[in-house]
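# sequence and computational prediction follow.
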Amino acid sequence: MRKLEAHEMPLHKVFSSDYDFHIPDYQRPYAWEEEQAVQLLTDLVEALDRGTDEPYFLGSVVLVKESLTEARVDVIDGQQRLTTLTILLSVLRDLTQDPQLSLDLDKLVSEQGNKILGLARRPRLTLRPRDAGFFKQHVQTRGAVKTLLALNAETLSTDAQKAILRNVAALHSRLADWSEERRLGLVQMLGERTYLVVVSTPDLDSAHRIFSVMNSRGLDLSPTDIFKSKIIGDLGPEASDECATKWEDAEEALGRDDFADLFLHLRMIFAKKRAEQELLKEFPEQVLSHYLPGRAETFVNDVVRPYADAYVQVRDATYEAAQGAEKVNAWFRRLQQVDNNDWRPAGLWALRNHANDPLWLDRFLGALERLSSSMFIRRVYTTPRVTRYAELLRQLDLGHGLDAGALELTETEQAETRARLNGDLYLVGKIRKYVLLRLDELLAQGQGVTYDYPVITVEHVLPQNPKPDSEWVALFDEEERVEWTHRLGNLVLLNRSKNSVAQNYDFTVKKAKYFTGRSGVVPFALTSQVLQHVQWTPDLLRTRQKQLIELLTNEWRL
């Protein structure tokens, strides 16, 4: 049984006929930013300027090498570094005025071929199909860098191609002013004493086990990359290219982090239970096993694409329909304000299965928001919260729909929610702003109202620490202050940071100086109500508390 092999190799051996590097379809695109490319060059320059003969290590690459006799390898970890090194070598190749040095550098970038042996010229590194031709034509071809620098980034078709252009330009601009002698010194250091640790394994599973515990500079593979490899590997060449494109389009639409989150939600939708192990182990068993082998294309077309589309609509509140879309998007905006995303699998399921029924979505999402808000306000912790949503998904799959019992609040849950709302709300830091914003929307009678302010704070009308000679002490005895200070009726929203001095103003001064904006207009309906009152008294607070609680209990059917 073949085991892994790990060797320290100088770059002239890494970029040689010993290796024919290929970036698999399932890998992420080239994504290094200019800062990372320039940092790589900076590190090399610092090593060069130290003027020692010490070897310089650039980190590691993890490869799948299925055959000991073949040069072809799949790059599992390290493609960002290998691609950037190829860019650096190509820039140095096209900058030098020395024909022999240019040829020697070109041999590192591309296999030169051999007419006698019938070997064609080929690049040492082949990127994913979407970008391989571009990289070969504009970087790996001798003399092509000048042509590449003349291109307009906006005309390029992928983010990877734009990143390649940016990094070529960045490295070229820093090396163009160097003398031939200094560039030769860098090239010699690269070839002779710059090393990579090359780790070769016989299969993808062993490669993944290695790269997952290694600390490298590159952007680590995510579990979704591994899942993609299993899916693409189950398909023929034509279907493989088509599905890889669809997969990458979905990942670009969501962004890498949200795309990874989507697979956590998909696991929940399929398994309908709380995760017990890492996604990399559970997802193949709980999800992919329904599609592999033989139905990989169905997984891409019926799961990845539609759920990715649904995720974007949920996240960005961009659902569209002939009628009723705004109501649906308002629920998405409200749900986004809860401090967890455990509701999202149910929301995605609803949109995936009822996208053409905005009336059903309106009713379902309203019930889902009621449930999620109640659990948030009651501070239900993760395990029972996720268990509740898992039960909801089971009932939805059984066809219970809007009658799903898991959507409903028990009498005990309703009573506990009311009690939390009627208590010292301010002291529960996580929920106070959420409740007040939700209440403010009800007062404004808006559809999922949102405020684009960098700061939104929750403030007391009756201050927490009134001065002994203030009117607050005359209006409220100590028992009344204890009763009302932190309750809902005494709280307002402001779009500014707290002001410890202004918080203790008497009511009239506080209204004029603290509860109004520079233009005199307060953006929050909740705060505008306060400005209508002449005095702030215990009786007024009792009335206001009752009115506000009624608004919330009616909205959430408590």
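Okay, I see it. Owing to the predicted nature of the structure, the values given are computational and were not obtained by experimental measurement. Numbering: from 1, shown residues only.
# can you list the weak-confidence ranges in the stretch 351-500 of the chain?
Across the stretch 351-500 of the chain, residues meeting the criterion (pLDDT under 70) sit at 446-452, 497-500.
# residue ranges of the helices in the stretch 251-400 of the chain, please?
Listed in chain order, the helices of the stretch 251-400 of the chain (DSSP state H, counting those that start in this stretch) span residues 256-271, 279-286, 296-299, 305-316, 325-336, 344-354, 358-377, 382-397.
# which other helices and strands contact the shortest one?
Going back to what we said before, that points to helix 296-299. The contact analysis (3 or more Cβ pairs under 8 Å, 6 or more residues apart in numbering; DSSP states H and E) places helix 296-299 against helix 223-233, helix 237-254. No exception for glycine: its C-beta is placed from N, CA and C like everyone else's.
# so where's this structure shaky on pLDDT?
Scanning the chain residue by residue, the ranges that satisfy pLDDT under 70 are 1-4, 68, 117, 204-221, 446-452, 497-502, 515, 517-522.
# just want the most central residue of it.
residue 257 (2.6 Å; Cα atoms, centre = their mean).
# among the helices and strands packed on helix 296-299, which is nearest residue 346?
Taking Cβ to Cβ, helix 237-254 is the member of the helices and strands packed on helix 296-299 nearest to residue 346, at 18.6 Å.
# which parts of the closest one are buried?
Using 16 or more other Cβ atoms under 10 Å as the burial criterion, the residues of helix 237-254 that qualify are 240, 243, 244, 246, 247, 248, 250, 251, 254.
# which one among those residues gets closest to residue 553?
Distance to residue 553, by Cβ to Cβ, is smallest for residue 254 among the buried residues of helix 237-254, at 37.2 Å.
# surely that closest one is in contact with residue 310?
No - using Cβ atoms under 8 Å, residue 254 makes no contact with residue 310, being 10.6 Å away.
# and the residue nearest to residue 503 when sequence neighbours are not counted, how far is that from residue 51?
The shortest distance from residue 503 to any residue other than its chain neighbours is 5.2 Å, reached at residue 463 (Cβ to Cβ, 6 or more residues apart in numbering). Per Cβ to Cβ, to the nearest Å, residue 463 is found 67 Å from residue 51.
# higher neighbour count, the two?
Regarding residue 463 and residue 51, a neighbour count based on other Cβ atoms under 10 Å identifies residue 463 as having more, with 21 against 9.
# quick check, the more buried one in a strand?
No - residue assignment for residue 463, taken from DSSP: H, G, I helix; E, B strand; the rest coil, gives coil, which places it outside any strand.
# ranges for the strands of the stretch 51-200 of the chain?
Ranges of strands within the stretch 51-200 of the chain are 56-64, 72-77, 110-111, 122-123, 125-126, 194-201, based on DSSP state E, counting those that start in this stretch.
# which elements pack onto the fifth one?
Under the contact criterion of 3+ Cβ pairs under 8 Å, 6+ apart, strand 125-126 touches strand 20-22, helix 79-95.
# now do the shortest one: distance to the chain's middle.
Its chain's C-alpha centre lies 30 Å from the corresponding centre of strand 20-22 when counted by Cα atoms, centre = their mean, to the nearest Å.
# contacting residues around it?
Strand 20-22 is contacted from outside by 63, 70-75, 82, 111, 122, 124-126, using Cβ atoms under 8 Å, 6 or more residues apart in numbering.
# now the buried members of the residues you listed.
When those are checked for burial by 16+ other Cβ under 10 Å, the buried set is 63, 73, 74, 75, 82, 111, 124, 125, 126.
# need the helices and strands packed on helix 296-299 in TSV with distance to residue 544, can you?
Formatted as TSV, the helices and strands packed on helix 296-299 follow (distance: least, Cβ to Cβ, whole Å):
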stretch	distance to residue 544
helix 223-233	50
helix 237-254	43
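# among those, which comes closest to residue 420?
helix 237-254 (34.7 Å).
# identify all contacting residues around the closest one.
25-26, 28-29, 128-130, 159, 224, 228, 231-232, 235, 259, 262, 296-297, 300-301, 304-305, 308-309, 311-312, 315.
# list buried members of those by neighbour count.
25-26, 28-29, 128, 130, 224, 228, 231-232, 235, 259, 262, 296-297, 300, 304-305, 308-309, 311-312, 315.
# returning to that earlier point: among the contacts of strand 20-22, which two are most distant?
Most distant of the contacts of strand 20-22, by Cβ to Cβ, are 70 and 82, 18.3 Å apart.
# closest to residue 34 out of the helices of the stretch 251-400 of the chain?
helix 256-271 (18.4 Å).
# mind giving me the packing neighbours of that closest one?
The criterion is 3+ Cβ pairs under 8 Å, 6+ apart, and the helices and strands that helix 256-271 contacts are helix 223-233, helix 237-254, helix 279-286, helix 305-316, helix 344-354, helix 382-397.
# helix 223-233 and the second one, what's the angle between them?
Using axes from the mean of the first three to the mean of the last three Cα atoms, to 10 degrees, one finds that helix 237-254 and helix 223-233 are set 160 degrees apart in direction.
# please apply the same query to the fifth one.
Taking the same axes, to 10 degrees, one finds that helix 344-354 is oriented at 40 degrees with respect to helix 223-233.
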